[in-house]
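*Asks:* Provided below are the primary sequence and the corresponding predicted coordinates.
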Amino acid sequence: MAKIGKRTKAAREGLDRNKEYSLNEAIGLVKERSKTKFDETVEIAINLGVDPRHADQMVRGVCVLPNGTGKSVRVAVFARGDKADEAKAAGADIVGAEELVQEVQGGKIDFDRCIATPDMMPLVGRLGKVLGPRGLMPNPKIGTVTPDVTSAVNDAKGGAVQFRVEKAGIVHAGVGKVSFSEEAITENVKALIDAVQKAKPSGSKGSYLKRIAVSSTMGPGLKVDLASIAGE
């Protein structure tokens with residue numbers, strides 16, 4: 001624990017936690033302050049002016065990051081016949097129907113993203129209690145219930161990030177790795193913010209984007225000046 005304490009202290013040294021940095025400056029500092037032995041994920045937290053307890057203020061969607069996430073994603077597809085063959089050809093890691101449903105019901109969840117063809121949803125619907133809490137339940141609104149399994153698998157493998165506002169009105173997402181260039185991370189951040197803005201619900205009144213912070217997995221959060229996102 002002492003080591004982590006020292007590292008955290010070093011990462012925070014000289015930073016003004018109350019200052020709002022420009023997006024480029026914040027990303028530069030996140031990269032500079034990352035001192036761990038592994039390639040940390042760059043994370044973003046977006047505070048929104050919504051109350052997700054109301055159905056008309058729920059924010060969710062998907063964004064294909066232009067430079068990917070830097071993570072290898074294991075994709076499961078619920079499909080039969082030709083669609084199962086199509087999913088395998090597209091590079092899905094796990095493909096199945098009834099037998100896959102049974103595996104998941106038994107607690108075996110060896111994937112990070114889940115896709116289903118529409119005809120499979122009566123079966124997959126039974127897995128709501130298992131997949132729902134993990135954010136893995138296929139949903140047509142974010143393109144994971146679709147007959148076009150090739151595109152869905154390619155998106156999932158190529159850097160599609162699903163986002164959903166949490167109870168406190170915050171969207172959290174990974175937007176790349178600290179090994180990415182500042183330009184690549186900036187492009188990913190802007191793409192995600194754009195997707196979140198496009199997902200603005202009808203029930204949102206007043207200020208929608210309230211605060212944004214970026215950090216690395218183990219690093220301190222840095223506030224971002226909202227004006228810099230539009231201006232850069």
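*Replies:* Arrived safely.

*Asks:* I'd like the distance between E182 and D85.
*Replies:* Counting by C-beta to C-beta, to the nearest Å, the separation of E182 from D85 is 42 Å. (Glycine included, C-beta is placed from N, CA and C.)

*Asks:* same deal with G107?
*Replies:* 28 Å.

*Asks:* ok, the two, which is more surrounded?
*Replies:* Shown here are G107 and D85; by other C-beta atoms under 10 Å, D85 has more neighbours (13 against 7).

*Asks:* host element of the more buried one?
*Replies:* Secondary structure from DSSP states H and E places D85 in helix 81-90.

*Asks:* which secondary structure elements does that helix contact?
*Replies:* In this structure, helix 81-90 makes packing contacts with strand 75-78, strand 94-96, helix 149-158, judged by 3 or more C-beta pairs under 8 Å, 6 or more residues apart in numbering; DSSP states H and E.

*Asks:* A strand includes V62, no?
*Replies:* Yes - V62 forms part of a strand when assessed by DSSP: H, G, I helix; E, B strand; the rest coil.

*Asks:* Name the nearest residue to A26, sequence neighbours excluded.
*Replies:* Nearest residue to A26, sequence neighbours excluded (C-beta to C-beta, 6 or more residues apart in numbering): L222, at 4.4 Å.

*Asks:* Would you quantify the distance from the one you found to T146?
*Replies:* 37 Å.

*Asks:* now swap in V104 and tell me
*Replies:* Counting by C-beta to C-beta, the gap from V104 to T146 is 19 Å.

*Asks:* what about those two, which has more around it?
*Replies:* Neighbour count, other C-beta under 10 Å: between V104 and T146, V104 has more, with 23 against 17.

*Asks:* who's in contact with the more buried one?
*Replies:* V104 makes contact with 127, 130-131 under the criterion C-beta atoms under 8 Å, 6 or more residues apart in numbering.

*Asks:* Give the buried residues for the one helix or strand it maps to.
*Replies:* Using DSSP H and E, V104 sits in helix 98-105. Buried residues in helix 98-105, defined by neighbour count with 16 or more other C-beta atoms under 10 Å: 100-101, 104.

*Asks:* next one: stretch 109-126
*Replies:* 109, 111-117, 120, 124.

*Asks:* Over to stretch 223-232?
*Replies:* Buried residues in stretch 223-232, counting neighbours by 16+ other C-beta under 10 Å, are found at 223-226, 228-229.

*Asks:* pLDDT score for the nearest residue to S207 once chain neighbours are set aside?
*Replies:* Leaving aside its chain neighbours, S207 sits nearest to G49 (4.8 Å; criterion: C-beta to C-beta, 6+ apart). At G49, the model reports a pLDDT of 93.

*Asks:* Equivalent analysis for K3, please.
*Replies:* 48.

*Asks:* ok, S228 - contacts?
*Replies:* Taking C-beta under 8 Å, 6+ apart as the test, what S228 contacts is 21-24.

*Asks:* TSV for those, including secondary structure?
*Replies:* Below are these laid out as TSV (three-state DSSP):
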residue	secondary structure
Y21	strand
S22	coil
L23	helix
N24	helix
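
*Asks:* ok so, going back, go through the buried residues of stretch 109-126 and name the one nearest D39.
*Replies:* Of all the buried residues of stretch 109-126, D39 sits closest to D112, with 17.0 Å by C-beta to C-beta.
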